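Enquirer: Show me the folded form of this:
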Amino acid sequence: MGQNTSFHRKDDYPPQRFMEQPVESGPYKGHLCERENRDKMLDQFYELHGRDKETGLQTKTSLLKLGMERVAEKLEEIGRLIDK
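Expert: I've put the predicted structure just below:
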């Protein structure tokens, strides 16, 4: 397909420094982007958007519900679709 198809759940995290260095100013001064909270938000996002929570990949079921059979076929061809 000519595109980078190597994105996974790990790519949906902010840069590591956001989870290690507190915010320096503003109303959230001193706060960190805690990994546990980010994991909960990602789980909710993936569930709402029909994605697999482990990998972040689109599920076949969600694409078929949206009438996107051709997209499901193409993603399946390149190994980027979860069969749920």
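Enquirer: Closest to the centroid, which residue in this structure?
Expert: What sits nearest the mean C-alpha location of the chain, by CA atoms, centre = their mean, is residue 56, with 4.2 Å.
Enquirer: What does it show for phi and psi?
Expert: Dihedral pair for residue 56: phi 90, psi 0, per degrees, to the nearest 10.
Enquirer: what about it, distance to residue 32?
Expert: 22 Å (CB to CB, to the nearest Å). Bear in mind the C-beta positions are built from the backbone N, C-alpha and C, glycine included.
Enquirer: same question, residue 80
Expert: 32 Å.
Enquirer: check contacts around residue 61.
Expert: Neighbour list for residue 61: 50, 84 [criterion: CB atoms under 8 Å, 6 or more residues apart in numbering].
Enquirer: lowest average confidence, helix or strand, in the protein?
Expert: Ranked by mean pLDDT, DSSP states H and E, the helix or strand of the chain with the weakest confidence is helix 17-20, at a mean of 90.
Enquirer: Tell me the helix or strand right after that one.
Expert: helix 35-48 (DSSP states H and E).
Enquirer: so what does that following helix touch, helix or strand wise?
Expert: For helix 35-48, there is no helix or strand it packs on, judged by 3 or more CB pairs under 8 Å, 6 or more residues apart in numbering; DSSP states H and E.
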